[in-house]
Every structure is written in structure tokens, then in C-alpha cells.
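Visitor: Any chance you can model this:
(one chain, ligands or ions: 1)
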Amino acid sequence: MHVYFHYRVNLFLSRAFVNHLRKKMYGSLNPQQYEAVTADIHKPLQIIAGPGTGKTKVLTSRVAYLLIEHKIPPSNIIVTTFTKKAANEMVERLQTLFVKENLDPSKYLKGLLIGTFHSICVKLLRRYGTLIGLSSKFKIADEQDSNTILNKVLTSLSDDVIRLKVHPSSVSIDIYQKDAKETDKLDGYDLKKVKSQISKLKSLTTTPQIYSATSARSFDLAVIYSLYQESLRKHNLIDFDDCLLYTYLLLSETKLKGVVLLKELKHVLVDEFQDTNKIQMELLYLLGRCTEDQKFEDNVTVVGDSDQSIYMFRNAVASNFENMITHYQNCQQITLKENYRSTSNILNFSEQIMTQQKDRKQKSLRSQKSHLNIPIVYVRTQNTFKEADHIASEIAKLGLMPSLLTNYNDIAILLRSSFQSRVIEQSLVTNRIPYEVVHGRAFWELKEIRVAMDYLRAVVNDSDKLAILRTLNFPPRGVGNKTLQKLEELIDKSNCSVIETLEMAIDDKKNGFLNVKSENGVSQYIDILKECGKLLDSGSLDCETSLEACFDQIVKLANLKEIKKTLETSKRTHDSEIALKAVEENLNEFKRQLVEYKPIIDQIITTETDDTSLTPRDVLSNFLDSIDLYETSNNENKKDSKKGRVTISTIHGAKGLEWPVVFIPGCTDGVIPSKWTLEDNGPNSSTNLDEDRRCFYVALTRAKSLLYLSSYKERSTPWSGEESNEVSCFLKPTLKLFQEQLVTSISKMSRNSWKDLYEAMGKEYKSVSKVLTESNRSRDHIVSTKDFLQSKQFKSPLLNKSTSAPTYVPDRSNHKRRRLGVRRRI
Ligand SMILES: Nc1ncnc2c1ncn2[C@@H]1O[C@H](COP(=O)(O)OP(=O)(O)OP(=O)(O)O)[C@@H](O)[C@H]1O
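Guide: The predicted structure is shown next:
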């Protein structure tokens, strides 16, 4: 049994024991880290830590320092982290630290207030919310709830409010749809824009009352904001932003009368400070002033890196570091400069990218791996398919290196936009490289793609029961779950096609299968399918135009644009705003795939047929079949091999993480930086560009040893055909400067660089030249991703059915018959 020394937190620990602990707990810290951990606790402290400098280690050690050396009870400390996961990780680290020293972690950590700003605020509001008139049983509105409420507010605005839109002294704020029709239900308001403006006001601590009293206000927004808040209150709801706003009011308005818990507060620590917004900053100031013991006033520690601020779209204020210095005259600043993560090539390259940002202080990070000279791999490919093939080919090569140089889970592919994943995933599938998509979904699993696909399936096959039942009431058409169940039973019994059965149900008034509402819904649905079907069978349009028209009609008639607005309605996630923007891009990408699809007819089976004789309906059917390939990757056997899986993640999702090998594809204008940023000529254009650059910087600095960058020349888009793409404007000037340190493939690396790579990976070096020659030879036979995607005959390798496609399979037993892609959401 484990025996703990049962020290109570406020119990006296002998000086000798503390010294012993110090040595053990802080012995692994470098001098700057040690200085940060043990800095004066009675002063505000900013730890400015570049990437890979050990922020988490330092923050965790500082908490331990407060608990052990200063004997501060855990319930008198608040630690805010960026995600719940980060909070759990920190608690785990603290527990390990205490257990190692034979100290009882439950005693030292019990009552520690740790979590995201939002979760800590909710805890406080549950306890003290009644002091500002909140019911203790309030619920938190999710996206869907707040959308519904805002929608109701907008649809029931009186004419008086709508007239305020054009009031001459009203400040103009863009909360309107671009091309609203007279008959628009929301009176021309754009729900998303209104919501974002309300969120912004809340992030600035502006209540409806304050906003209504401001002279520089948008008159109609002021009314809408008030009505929205009133309605939330009526439903006993508070939205995501309200968690912070109400806590701010609680702390500022009550003068803390009754807020007992916080009167003893002795230290507040904030992780990822660069992503705090104004209200979080104000909350920090207020929390710092809660204590009744003057000695502990303003005892706050923040850790962050302004270069990694990538949440401006959620109103984060990168300048909060400077604001804090202005606010606290006695604020101490400690900078961590030793980077333990990346080689100096990666660090210098990343730093060079950031020097493009005006008014930025230069960072002089020192790599702890400066003796290693591993080049950066950069390649410019013709198109996205070639880029994907390059990635798969390099991963396959790495996997063949002696001494098991890399496992799949040493490798990450970081994407700026989720539309990029589809082609890359396919390339990994063809090369039998297992992967998982975290913080995002495999392209074909995206909700919008699945819905569009189901509609296409229903159009092309009037007996596709699953697709039809999934779309019959999506978007809602008044066909309830019970009716759907009844219809399914009827379909199962019927000998006719699903659509014919539905038509019979409409006609069969006697048995009353459908009430008026659902009858209308079902007829409306059948009409959509028929209308889209006509476009496929018209005969007057060429195949591509037919498919495009059919797809567009589905998007229009099935109101997919409206669905898009409510797709990301589950819990608000850090990526949800990005995901919303990506939905449109994803649908466009899907359309492109469909329109460009050219089935290669299996020559052996259908020798007389050529693809010009296929009708649009045949092509669509073929295309949908080919997608089954991806479907097979969904029901993954989750038992991972020792080698694990390659990670595919968005850059935002990769925040705080690291991998030995990182691929950043799409270093192309329009992706990095994004199309929206490049097309934005408004007042925020340079700020947005800076944010995109920081996002790129975050991606670059996730790499420990081997960094792969790639850009492509062309991407086909449905709206503008073949789009030529310049190398990312962030990358272009830096590439020139780093010419000497770049190679186009690991095959081109020198012997010394290979040795360094082996050292970086902690593996014994063995000559790689033979493996490289062999791997290059065998890859001559590999089917390109583009061919693979377009060929039905190549559908089978994954399923292990017969195939004529010579596919290179690395010699690893765990690849056999494996289904490769999985999705993991954190
Ligand atoms: N003093 C140290 N000695 C050895 N390794 C260290 C030390 N401090 C940190 N590290 C290692 O450096 C790596 C980066 O640390 P960490 O993830 O905490 O950095 P970070 O500052 O949070 O980075 P980022 O801001 O980029 O997320 C980790 O692998 C960590 O174990």
C-alpha cells in the first residue's frame, strides 16, 4: 500500500524537507523557468513564453510552489486554462508531482479552482448568481437554443424597430443580409452577424443597458440585444458569453458582499493569456482584488505568447500583455527563451515568418537542439492531388527507415481548412497509412457533406430507404419521428419503391397514415427529388452541367444554406466559428468532386462502353459508389497498433501540442492566408493577415524535428474553374532566405542530416541509402490519388477485393486488411 506523509497544507513543513522538495521538484527547470516559478508571489507576474519553452511545466510548478512553499490552501487559488483537457492535464501533472514526493495529492489539491474561464464563472454563478438576480437553476443555452431565441426575436420585431435601421443618427453596424428579399422572415437581418455583434458587446463588458445609453450605437441592434437578453432570462437561460458577463457584474456590482468564497482568494493564474478577451482581462483584475487580505491583492500570474494569439475572431485581444503592464505598475515580466521542442532550423524559419509582422518585438529563442542540422522539406506541386501523394510517399518512406525511425503517431498533418483533408485522406487510404482526424471530421463524415450525399442518393435511387428516411425531414418539414417510424414499417412491407410507397401513403386517406402537416412535408420532399431528377434526365444538358444543376438545385430546394446555419449548433466549440465558415467551402469542394468526376470504365467488363455513353444518372450513381470507399473507413476497428496513426488536425486544434514530424500542406495564397483574409479590403485587413500569420506560426512551431511544407499551383473550384495559386505570401520571402536549408524530399538529405534526424528521434543511426533506392523504385508503380479517385476499378484495395491497381504496400503486418481512417473528437 502506498503510504503518504499526511501533511496538511497549512501544516508546518521543515525547512530541510522543503529544500529537499525544491531540489527534486525544480531541479529540472532551467534558470529562467526557476525564476518564473519562484518569483515574488505578492506581485503581478507575466511569463512571456515562446513556443516549446515549457509553459505548462512552469505554470504547474508555480501552483505547486504556492501550495507547498507558501502553504496557500488550494481553495484560495484559481487557475484558468484554455480547454478542459488542459485543466485535466495540469491536475494530472500536479498529482504525479505530489505522489512522487510521497505527499497526498488529494489533500494538496482539494478545492483548487481550476478550469476554463467559462467553467469557473459558471461555478461562481451557481453559488452566488442570486445576488445579481439570476436563478440558481439557470441553464446554459447551447448554440441551437440561442439561435432559436434570436430567430424568434428577429422574426417578431415591430415595424418601429425595423424603422430604426435607417435612423439618421444610428451608427451603422453590419448586421444585415447581403441580398435580402422584401419577404424575408428576418426583415433583412443576418442572424449570424447579429449574434456575433452581441457576442462582441458582451466580450467588451457592455450590457444592453449600457449599450442603449451609448450615443454611438446602432439603434436597432440596441433593441435587438435587449430583447434577446430578456428572452433568455424568460427561458431561465444564459448564453456562453453571459457566463463571463454575469460574473463580471457579480464581481463589480455587488462589491463582493456575500461572495464569501472569493474573499480568501490569494492567487490567480491564467494560462494561454494571449487568447483572453477584454472581459476576461477585466475579470482577472477583479479577481485579483477580491481578497480581504491586502497582502494578497493583485497576486496574479499569467503565461502566454502573443505570437500564438489565434482567437481574434472570438474577440481575443493580443495586446492584453501591454494592457496588463499599464494596469499594474509593479508587474514583473519574465521571458522564457530556451526552446526544448524544435531544431534551430525550424525555430529560425518560424521566427523569420513572424518578422514580417510590423511592430513586433523580435524573439531570440535558443534551441536546445542547435547542434542538429535537419533541413526543412519544401515542395511545390502541380495540384492538390500531387501534394497529397507527396505527403503519403514521404510518410511511407519514413516508415521504412531502419531502427524504426518513426511511428505513425509521431506524425501530424496540420490543416488550415477542413476542405483540405479529403484528398489527403484519400492518399493515405490508397497508401494504407492509418490516420485519425482529430478536432475535425473526415471530409465525408462532415454533416453538410452527408446530407448533400443523402439527397443525391435519394435522387438517383428511389429505393434508397436509408438516404430517403434521413432526408425526409431534414431540414424539418413537419414529419415527426412517429410518422417516420410508421412510414418505415410501411416501406418495409411494400413491394414498391420507397418513393412510390410514400406516394401511396399520401393518397391513402382512409388509413390516415399522414396528417395534413406531414402530408405536405412528404409531398414537398418528393417534389424536390423529382425536380432534381429531371435535371439529370433532361438530355438537353451535357453531363457536367446536368450534375452541377442537380447539385445546385438540391442545395436550393432542400434549403441546405439554411441547414448550414444550424449545422454547428451543438455545444460551442473552440473551432465552431471556423467550422461554420468552412461549411460553404466544403459543399463547394464536394460539388467540384462531383462535376469533375470521370468514371474509368473497367475495360475487361465493359469493353464497348466509353464514358461518353454514360448518362448523368449513371455518372452520379458511379460517383456515389466510389464514395463507399470512404465509408469503409468509418467503422474503424479502434485497436491501434504500436505504430499508432498519423494525426490529421486543424491548426487551431493543434494548439499546445507537438509532434516529431509535422506536415503543413496548402502553403498557398487562399489557404494560408485564407481567401477571406486576402479578399478583405476593410479596416481590419492587416489585423486579419497578422492573425493568419500567427496561425501559420503556431503550426510551424508544433514540429520537433522534421518540418514539411508544401504548396500547390492549381486547385479546381466549381465557381471559377481551375484556380492558379501563388505560394503563400508568408512563405515566399522566407523560402528565398532559407534556400540552403531546404530539400524537396527526405531522399535528398545528406548523410549528416540523416544522422542528426536519428539523434533527434532518439534512434540508433543506420545507413538509409539502400532503403531509399528501393522505396523510390517501388513507388514507380503507385497509383496516383487523382487516378484512384476517378476510378471505380481501384475501389477495392481497401476492401481487399480484386483489383488491377498495383498499390505499394509497406511491409508491415499491421497494414493487412486494416481499415484505415478514424475520427476522434476531443
Ligand atoms: N527544463 C526543461 N528541460 C527539459 N525539457 C523541457 C524543459 N521544459 C520544457 N521541456 C520540454 O519542452 C517541450 C515543450 O514544453 P511545453 O509543451 O510545456 O511548451 P509550451 O511553452 O507550452 O509550448 P507552446 O506554447 O508551443 O504550446 C516539452 O516536451 C517539455 O517536456
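
Visitor: doesn't Arg366 make contact with Lys337?
Guide: Yes. Using CB atoms under 8 Å, Lys337 is in contact with Arg366, at 5.7 Å. Every residue, glycine included, has its C-beta placed from N, CA and C.

Visitor: what ranges do the helices span in the stretch 501-650 of the chain?
Guide: 516-537, 543-557, 560-567, 576-596, 616-631 (DSSP state H, counting those that start in this stretch).

Visitor: oh sorry, the question was meant for the stretch 651-800 of the chain
Guide: Remark: helices assigned in the stretch 651-800 of the chain by DSSP H, counting those that start in this stretch are 675-679, 685-700, 732-737, 751-760, 769-779, 785-790.

Visitor: ok, now which ones touch Leu737?
Guide: Gln352 (CB atoms under 8 Å, 6 or more residues apart in numbering).

Visitor: Least confident secondary structure element in this structure?
Guide: One helix or strand of the chain scores below all others by mean pLDDT, DSSP states H and E: strand 821-824, with a mean of 46.

Visitor: give the contact list for the residue nearest to Val522 when sequence neighbours are not counted.
Guide: Of all residues not flanking Val522 in the chain, Leu502 sits nearest, at 5.5 Å (CB to CB, 6 or more residues apart in numbering). The neighbours of Leu502, taking CB under 8 Å, 6+ apart as the test, are Ile468, Leu472, Leu487, Ile491, Val522, Tyr525, Ile526.

Visitor: Where does confidence bottom out across those residues?
Guide: For the contacts of Leu502, the weakest pLDDT value sits at Ile491, with 88.

Visitor: Using CSV, write down the CA coordinates of the helix or strand harbouring Lys482.
Guide: Per DSSP states H and E, Lys482 falls inside helix 481-493. What follows is helix 481-493, C-alpha atoms only, in CSV (Å, rounded to 0.1, in the frame of the first residue of the first chain):
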residue,chain,number,x,y,z
ASN,A,481,-40.4,10.8,-35.5
LYS,A,482,-43.5,8.7,-35.0
THR,A,483,-44.7,9.3,-38.6
LEU,A,484,-41.2,8.4,-39.8
GLN,A,485,-41.4,5.2,-37.9
LYS,A,486,-44.8,4.4,-39.4
LEU,A,487,-43.6,5.1,-42.8
GLU,A,488,-40.6,2.9,-42.4
GLU,A,489,-42.8,0.0,-41.4
LEU,A,490,-45.0,0.6,-44.5
ILE,A,491,-41.9,0.8,-46.7
ASP,A,492,-40.6,-2.5,-45.3
LYS,A,493,-43.9,-4.2,-46.1
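
Visitor: Where does the stretch 201-350 of the chain get nearest to the ligand, which residue?
Guide: Nearest residue of the stretch 201-350 of the chain to the ligand: Tyr340, at 3.1 Å (CB to the nearest ligand atom).

Visitor: swap that for the stretch 601-750 of the chain, please
Guide: As assessed by CB to the nearest ligand atom, the ligand sits closest to Gly656 within the stretch 601-750 of the chain, at 4.2 Å.

Visitor: wait, that residue sits on Ala86?
Guide: Yes. Using CB under 8 Å, Gly656 is in contact with Ala86, at 6.6 Å.

Visitor: Run through the stretch 701-826 of the chain and note the low-pLDDT ranges.
Guide: 716-722, 776-826 (pLDDT under 70).

Visitor: Spell out which parts of it neighbour the ligand.
Guide: The stretch 701-826 of the chain has residues Thr701 near the ligand, with proximity defined as CB under 6 Å from any ligand atom.

Visitor: pretty sure Ser775 is touching Gly399, no?
Guide: No. Judged on CB under 8 Å, Ser775 makes no contact with Gly399 at a distance of 9.4 Å.

Visitor: Would you mind splitting the protein into its domains for me?
Guide: The chain breaks down by the TED database into domains covering 1-130+253-336, 139-235, 355-434+641-761, 444-601+614-631.

Visitor: Which one, of those, ends up nearest to Tyr246?
Guide: Tyr246 lies closest to domain 1-130+253-336 among the domains of the chain, at 5.6 Å (CB to CB).

Visitor: ok, the closest one near the ligand or not?
Guide: Yes. Against the ligand, domain 1-130+253-336 shows contacts by CB under 6 Å from any ligand atom at 28-30, 33, 49, 51-57, 305, 308.

Visitor: Could you list which of those residues belong to strands?
Guide: Counting by DSSP state E, the residues of domain 1-130+253-336 next to the ligand place Ala49 in strands.

Visitor: mind putting the residues of domain 1-130+253-336 next to the ligand in TSV, distance to Thr205, neighbour count and pLDDT included?
Guide: Compiled in TSV, these are given as follows (distance: CB to CB, whole Å; neighbours: other CB atoms under 10 Å; pLDDT from 0 to 100):
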residue	distance to Thr205	neighbour count	pLDDT
Ser28	41	11	85
Leu29	37	17	92
Asn30	39	17	93
Gln33	34	23	95
Ala49	28	28	90
Pro51	31	25	93
Gly52	34	23	93
Thr53	32	27	95
Gly54	33	21	92
Lys55	27	24	92
Thr56	29	16	88
Lys57	33	18	90
Asp305	25	26	92
Gln308	25	22	89
